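>>> Okay, predicted coordinates and the sequence, questions at the end:
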Amino acid sequence: MGVRTVRDSRAERTAGAKAKDEAPDLPGVWSAYGVLLQHLRKRAGLNQQQLGDAIGYSLEQVASVEQGRRPAKAAFTVAADRVLEAGGVLEVLQDEVDRAKLPRFFRNFALIEAEVVSRFSYDPLLVPGLLQTEAYARAVFAGHCPPLSEEVVDQHTEARLSRQKLLTRVPMAELSFILSEEALRDPVGTPEVMRGQCQHLMKVGALRNVEVQVMPAGRGFHPGKNGPFVVVQSKEHQHIGYFESQGVGCVVQSTAEVSAFGLRYGKLRSQALNVEESARLIERMAGET
């Protein structure tokens, strides 16, 4: 056994011991991905350092992924799948790995959302996650109370951006977003972040399957004053509601309650600016920031 091989093996054992000592409560899919990665690596006759060198990651990063302590990013997965000649088996797991980066309370709804036929939402306080830029999303998570670590901020941001595949997925989903004017005027991050966010809203709003409407300030009382909510239609044509507040999410499946959500959304849609008016307002606000 060569000197480097002995050193690499010792480093791998050290990384494994560190993972056991930390023993965090981490998603099972990260561990499952790690076990599969380790199996494929050993089948290819590579140690962790050699795999890391081949895909552009450090030994510590490879070890962390194998031990389930760190989720693989999409670029890591694509490179590892290619080098290990895995035939796409790692890439199949990537969506689940990304979904597990989401806040725990949201994961159940994220599974539903990923396959919907339609999704309608009202957001009075923030730009909805599916429409957020990376800079805006990062500013939202950075302001979390209690504070999140930089690593968790990174993970939540990556997961939020991964959800946005729904915007351009085939088959297309019908998507409607109503957000309040206050959500656009209340600064999140720097003026540059808000300008970029408004420009992104205009770009996404131009997609054939996406409608973005703004509820103007001063409309008085309307059904959205009771808080944000989402109504989706699953691929089995079941209607499901969802709402969240202060880190608690609730999936609503009662037919009567979801029907009430739909009625309220129809009312909001009629009271908000239409798509063209909303686009002009967003464009004007982008120029003001």
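Yep, that arrived.
>>> Only C-alpha atoms from now on, for both contacts and neighbour counts.
Fine.
>>> Look up the closest residue to Gly129, ignoring the ones flanking it.
Arg160 (6.4 Å; Cα to Cα, 6 or more residues apart in numbering).
>>> Next one: the one you found, what pLDDT does it get?
Arg160 carries a pLDDT score of 96 in this model.
>>> So it versus Ala72, what's the distance?
15 Å (Cα to Cα, to the nearest Å).
>>> show me where the stretch 151-289 of the chain has strands.
Assigned strands in the stretch 151-289 of the chain, in chain order: 174-180, 210-215, 229-233, 239-245, 248-252 (criterion: DSSP state E, counting those that start in this stretch).
>>> Make a markdown table out of the ones you listed and add mean pLDDT, distance to Gly189 and mean neighbour count.
Below are the strands of the stretch 151-289 of the chain laid out as a markdown table (pLDDT from 0 to 100; distance: least, Cα to Cα, whole Å; neighbours: other Cα atoms under 10 Å):
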| stretch | mean pLDDT | distance to Gly189 | mean neighbour count |
| --- | --- | --- | --- |
| strand 174-180 | 98 | 18 | 21 |
| strand 210-215 | 98 | 21 | 24 |
| strand 229-233 | 98 | 24 | 22 |
| strand 239-245 | 97 | 21 | 19 |
| strand 248-252 | 96 | 24 | 16 |
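>>> Check which helices and strands the helix or strand hosting Glu96 sits against.
Per DSSP states H and E: Glu96 is located in helix 89-99. Here helix 89-99 is seen to pack against helix 28-43, helix 74-83, helix 150-163 when contacts are counted using 3 or more Cα pairs under 8 Å, 6 or more residues apart in numbering; DSSP states H and E.
>>> before we move on, back to that, which one of the strands of the stretch 151-289 of the chain lies closest to Tyr122?
The closest of these to Tyr122 is strand 174-180. By Cα to Cα, the value is 4.8 Å.
>>> Tell me the strands beside that closest one, with direction?
strand 118-123 (parallel), strand 210-215 (parallel) (DSSP bridges).
>>> now that strand, how far from the centre of its chain.
17 Å (Cα atoms, centre = their mean, to the nearest Å).
>>> Return the angle between stretch directions for that strand and strand 229-233.
170 degrees (axes from the mean of the first three to the mean of the last three Cα atoms, to 10 degrees).
>>> who does Phe229 bridge with?
Tyr122.
>>> That one contacts Ser245, correct?
No. Phe229 is not in contact with Ser245 according to Cα atoms under 8 Å; the separation is 9.9 Å.
>>> Contact partners for Leu84?
Each residue near Leu84 by Cα atoms under 8 Å, 6 or more residues apart in numbering is listed here: 40-41, 44.
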